[in-house]
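Trainee: the sequence and its predicted three-dimensional model are supplied below.
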Amino acid sequence: MQRLGPYEVLAELGRGGAGAVLRARDAAGREVALKVLLPGAAPHARKRFLREARALARLRHPGVVGVVDVAREDDRAPGPAAAPAWIAMELVPGETLAARLAREGPLPPRAAVRLAERLADAVAHVHAAGVLHRDINPRNVILRPPGGEPVLADLGLTRDVTPTSQSRVSIEGLFLGTPGYWPPEQARGDVDAVGVEADVYGVGATLYAALTGRPPFLVESLDDALRCLVADPLPPSRLRAEVDAALDALVLRCLARAPGDRVPTAAALAEALRGLRRGSGAGRGRAAWLESCAAAAVVVAVLVAVGALATPTEPPPETPTETPAGADEQPPETPEVADAPVEVAPIDAPPAAVSLQVAAEVSDLVAHAMTRLAAGDRDEAEATARRALALWPEAPRALGALALVHYQRGERGASLELLDRAVAGAPTDARLLGQRGILRFELDDAAGSIDDLTRAIEHEPGYHLAWHNRAISHLALGDGAAAVADADRALAINPEHAPAHYIRGKANVALERLAGAEADAGRAVALRPRYGAAWLLRAEVRTLLGDLAGALADLRQAVATLPAGSPDRARAERALADLEARRVR
């Protein structure tokens, strides 16, 4: 039986290009994991391994795999006859988070938040010891039985970050980490730019996977791996409706492309997660986070409170969203969060009479108001928004939140008045402009809607819902070509947005491009199988193309999915009866 130092090797657990992980036991029968640098490794690899051993030996935390022993210096001397260098580490029982997700699917949101909170606490300890992990992902998180407590493993890309250290033992310019979970600076191979914010990204990406069952970016090619340099992930709520607005915003904050836009430390992230887990996000935990990371929690206000005029949660799939105007069609609606985080200051810039502390408190109240609105509690949402306005009467996002409450109650005039005040106070806020643009459309002011949405796009070109809603307004004014162009831009940003395919199909019908319209409607129902308006659109297009059998099948789907009593449902029922009568004749 092979021996390494005092350890008897039992089995190989895994192997990489220059190293292996072995199962071994000592003389007392205790089993350990031996991380071994294989003979013949390059000098720089040996140097990095030794540095890693010294860094890992400083770590003592229940959420981090501990170092038990390190090979003696003479055992690690370079040379062809030298024994392999090794580190003996705690052998943690249990399966990885990746294995759990593959077997059972995403975790319940509360369990995912708890896991990420524990993980962030462990990472904060790692950072306090002067070490970066740089490869945090579900494969490197072991769930220790019996309770499934997360344990951070495989610190194989560690880097010493003590203030006096000048070492750069990682290979400059090479990709380090796990594609799909790495931050943009790591994907670029820019080692000097990788700091504690990279591990915050890793915790956020692991939380994303725990919530959705997949990484923030699906990587099947080098092009996919590099998308995080220029793209933002879909919000978790787009993949799983149970994820609420506050959690959505926190995850996106962790995954911001610029390191400076992320939650600044793992400790601040752990505190933020504790605040979410304790309730609706209010309380001391959330207040401490606001103070420690420049009001990161108010991203909820940025992404949600000014994100749309529709209900704060995605409409049910059978309810068509964002349809063009017409006497017998639904008004446009938008989900509460765009696919790209808003790159604006996290707190409304207060006037001189309003302190930063008050601004942070107002933003926290707005976040709570939006959470209550998402839960359907309009009265509490209104009361909270009014408390925010009592502190700062012209706070733009508080006005926007109150406008949403009035909008949901059908009080369009009161909503517009509040939005006018909000835009006057924040004339470059794309979300407030987008919100008012939707309302103007519903008040039969398509030209005013286009003006607001154009300004929103100028300030935030990646705001795909603004492009989409402007397409609706262009179509209402009879400009099908402009509607197609705007829908194209919306789909370039978010190709999976079914209503944008639908509106492009409507525009193509207006332009008599029936083949394109049929393809657009088909894509919409493929993305959202219970999208009744899209089934009806394709049925109408297929009727014009002479495909009566296809139209009949689509009309049956439309009748089955459109809301009872809606104008579209009535139109689909009339068309279905007409086609069936024609078949009988």
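Mentor: Yes, it's here. For clarity, every value in this text was computed on a predicted model and none was experimentally measured. Numbering: from 1, shown residues only.
Trainee: and the strands in the chain, which stretches?
Mentor: Taking DSSP state E as the criterion, the chain contains strands spanning 3-4, 7-15, 19-25, 31-37, 67-70, 85-90, 95-96, 131-132, 141-144, 149-152, 159-160.
Trainee: now the ones you listed as TSV including distance to D479, mean pLDDT and mean neighbour count?
Mentor: (C-beta placed from N, C-alpha, C; glycine too.) Formatted as TSV, the strands of the chain follow (distance: least, CB to CB, whole Å; pLDDT from 0 to 100; neighbours: other CB atoms under 10 Å):
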stretch	distance to D479	mean pLDDT	mean neighbour count
strand 3-4	74	85	14
strand 7-15	60	84	14
strand 19-25	62	84	19
strand 31-37	64	85	22
strand 67-70	67	82	19
strand 85-90	65	84	23
strand 95-96	54	91	17
strand 131-132	53	82	24
strand 141-144	52	93	21
strand 149-152	54	93	23
strand 159-160	55	42	22
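Trainee: L247: which of those is closest?
Mentor: strand 149-152 (17.6 Å; CB to CB).
Trainee: dump that closest one to PDB, restricted to CA.
Mentor: Below are the C-alpha coordinates for strand 149-152, written out as PDB (Å, rounded to 0.1, in the frame of the first residue of the first chain):
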ATOM      1  CA  GLU A 149     -24.700  22.700   6.300                       C
ATOM      2  CA  PRO A 150     -22.600  24.000   3.400                       C
ATOM      3  CA  VAL A 151     -18.800  23.600   3.600                       C
ATOM      4  CA  LEU A 152     -16.600  25.400   1.200                       C
END
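Trainee: okay, which residue is most central for this structure?
Mentor: Centroid-nearest residue in the chain: P235, 3.1 Å away (criterion: CA atoms, centre = their mean).
Trainee: that residue touches A246, doesn't it?
Mentor: No. Counting by CB atoms under 8 Å, A246 is not a contact partner of P235; they are 11.9 Å apart.
Trainee: just give the number of residues close to the closest residue to R569 other than its chain neighbours.
Mentor: Sequence neighbours aside, L562 is the residue nearest to R569 in space, at 3.9 Å (criterion: CB to CB, 6 or more residues apart in numbering). Neighbourhood size, L562 [other CB atoms under 10 Å]: 26.
Trainee: any idea of the pLDDT on L562?
Mentor: pLDDT recorded at L562 is 92.
Trainee: what do you get for the one 3 residues further on?
Mentor: G565 is assigned 88 on the pLDDT scale.
Trainee: got the contact list for it?
Mentor: Contacts for G565 (CB atoms under 8 Å, 6 or more residues apart in numbering) come out as none.
Trainee: for it, give its distance to Y531.
Mentor: Separation of G565 from Y531 (CB to CB, to the nearest Å): 18 Å.
Trainee: dump stretch 458-478 to CSV, restricted to CA.
Mentor: What follows is stretch 458-478, C-alpha atoms only, in CSV (Å, rounded to 0.1, in the frame of the first residue of the first chain):
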residue,chain,number,x,y,z
GLU,A,458,-31.5,57.1,-24.4
HIS,A,459,-30.6,56.8,-20.7
GLU,A,460,-30.7,53.0,-20.6
PRO,A,461,-30.2,51.4,-24.0
GLY,A,462,-30.4,47.9,-22.5
TYR,A,463,-33.9,48.4,-21.1
HIS,A,464,-35.6,45.9,-23.3
LEU,A,465,-39.1,46.6,-22.1
ALA,A,466,-38.8,50.2,-23.2
TRP,A,467,-38.0,49.0,-26.7
HIS,A,468,-40.9,46.6,-26.6
ASN,A,469,-43.4,49.1,-25.3
ARG,A,470,-42.3,51.7,-27.8
ALA,A,471,-43.0,49.1,-30.5
ILE,A,472,-46.6,48.8,-29.2
SER,A,473,-47.0,52.6,-29.4
HIS,A,474,-45.5,52.8,-32.9
LEU,A,475,-48.0,50.1,-34.0
ALA,A,476,-50.9,52.0,-32.4
LEU,A,477,-49.9,55.0,-34.6
GLY,A,478,-49.8,52.8,-37.7
